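1. Curious how this folds, go ahead:
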Amino acid sequence: MRWLLFLVIFLIGCSELEMVGKFVSEIEPIVNTVVKDTGSVEVYFCPRDGCEDKLVEFLSDATDTIYCAFYDVDLPKLTSLLVEKSNSIDVKVIIDEDNEDEFSADFVLVDSGTGLMHNKFCIVDGAKVFTGSFNPTVNGAEKNNNNMLLIESSVIANNYEKAFESLWNLERAEVASSKIDLSDVRVENYFCPRDDCGDEVKEELRKAEESIYFMVFSFTHAGIGNVLLIKNDEDVLVAGVFENRGTGSEYSKFNVLDYQGADVRKDGNSYTMHHKVFIIDEKTVITGSFNPSKNADTRNDENILIIEDVELAAKFLEEFEHVWGEAKQT
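-> All right, here's what the predicted structure looks like:
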C-alpha cells in the first residue's frame, strides 16, 4: 500500500507541475528594455575640486527649468543663484524638514515624510542632472569628502524629473528607463524605496571577480554586508573606508568585516567622510545618496546610479586612494 501512496503523490505532483508549466507559459515575459541615449558623465570630488563653483556654473546655464531635491542646502552662491533664476525661469526646490530653516523661498517645498528626503540632485532644462553624495552646504563643499556627478542625458534627466514630480506632488510616478546605454556606457538608475535599491546593489556586488573597494558614511545593511563577507571568502579583494562615527555601533558592519579579514579602515577626516561608493573590479561604480542601511533601503527617498565605465572608475579609485591614505589602520 505504501508504494501506491507514493504513486498517487507522484502523479498528483506531475499533474500540478504540468498545470504550473502551462500557466507560466501563458504569462507574457517581463522585459526591462535598455534605452539608448547620447551624453556624458563628469565627476568631481569635494573639497579639492571646488564643488560649489562647479555646481553654480552647471545651474547658471539653465534657460527653462531648475528642479532640485536637497536633504540640506546653505551654500550662499547657490541659494542666491536659485533666487535670481526664479525671476525668469521655473525653479522648484524640495528640502527635508530637518533643514527647512537653512533655505526658504516661495519656490521651496518642505518634505515632511516619515523617512528622510535624503536626495541631492537637480535637473536642468530636462536635459542635465547633478547628483551624488554632495549636500550643497558649506561643510559639504569645503570640509567633507564627497562626490558629485554632472550628467548630460535627456533619458536620465527624465528619470530624475519623474522622481522629483513624485516628491513635489506627493504621487508615485514610475521611472521607466532604469537601464540606459549612454554613449556605449552602461548606466542603471534607481530610486528608493520604490526600486529596492539594496537588492540592486547586492546584485551588482555579486558580479565582482577581483575587487570591491568602498567608501561609506553609514553601513548597517545586513544583506549588503553579507555579500561582501561572501566575496571576501571567495578571495575577492574587499577593502573599504568607514566614516569614523558610527563604527562602534552594534549595527555597523565595520567590526564583522574587520574580524573576517576584510581590509577596512576608519576615515581620517576630522570632519566627515560622506561618500556612498562601491567600486567593482575597477570598472563599475555605484554612487548616489544611498547609504547601505536599512532606513535608506526601506524608508528614505534616495537615488543611486550604477555606471560601468573604466575611465570613471579610475577617477573614483584615485579618490579612494586619497581617502584610504588618510584613514586609520585597525
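2. Tell me who's in contact with Leu228.
-> Residues near Leu228 by CB atoms under 8 Å, 6 or more residues apart in numbering: 205, 212, 214, 238, 253, 257, 262. (C-beta placed from N, C-alpha, C; glycine too.)
3. Name the nearest residue to Thr284, ignoring sequence neighbours.
-> Ranked by CB to CB, 6 or more residues apart in numbering and with sequence neighbours excluded, the top spatial neighbour of Thr284 is Glu308, at 4.6 Å.
4. ugh, wrong one, Glu42
-> Leu150 (4.5 Å).
5. Could you do Val124 as well?
-> Nearest residue to Val124 in three dimensions, chain neighbours excluded: Ala62, at 4.8 Å (CB to CB, 6+ apart).
6. Confirm that that neighbour sits in a strand.
-> No: Ala62 is assigned coil when assessed by DSSP: H, G, I helix; E, B strand; the rest coil, not a strand.
7. Ramachandran coordinates for it?
-> Dihedral angles phi and psi of Ala62 (degrees, to the nearest 10) take the values phi -60, psi 140.
8. correct me, but it touches Ile123?
-> No: taking contacts as CB atoms under 8 Å, Ala62 lies outside contact range of Ile123: 9.5 Å.
9. Show me which of these two is the more surrounded one.
-> Using other CB atoms under 10 Å as the criterion, Ala62 and Ile123 rank with Ile123 on top: 27 against 22.
10. The more buried one pairs with what?
-> With beta bridges defined as DSSP bridges, Ile123 has these partners: Tyr67, Val129.
11. List the contacts of it.
-> 65-68, 129, 157, 160-161, 164.
12. how far away is it from Glu203?
-> Distance, Ile123 to Glu203, using CB to CB, to the nearest Å: 27 Å.
13. Any stretches of this structure with poor pLDDT?
-> 1-32, 172-173 (pLDDT under 70).
14. now do 90
-> Counting by pLDDT under 90, the ranges of the chain that qualify are 1-33, 113-114, 170-177, 328-330.
15. which stretches of it form helices?
-> 2-25, 51-60, 76-85, 138-142, 154-169, 197-205, 222-233, 254-259, 294-298, 310-326 (DSSP state H).
16. Looking at the ones you listed, which is nearest to Thr247?
-> For Thr247, the closest of the helices of the chain is helix 254-259, at 4.1 Å, according to CB to CB.
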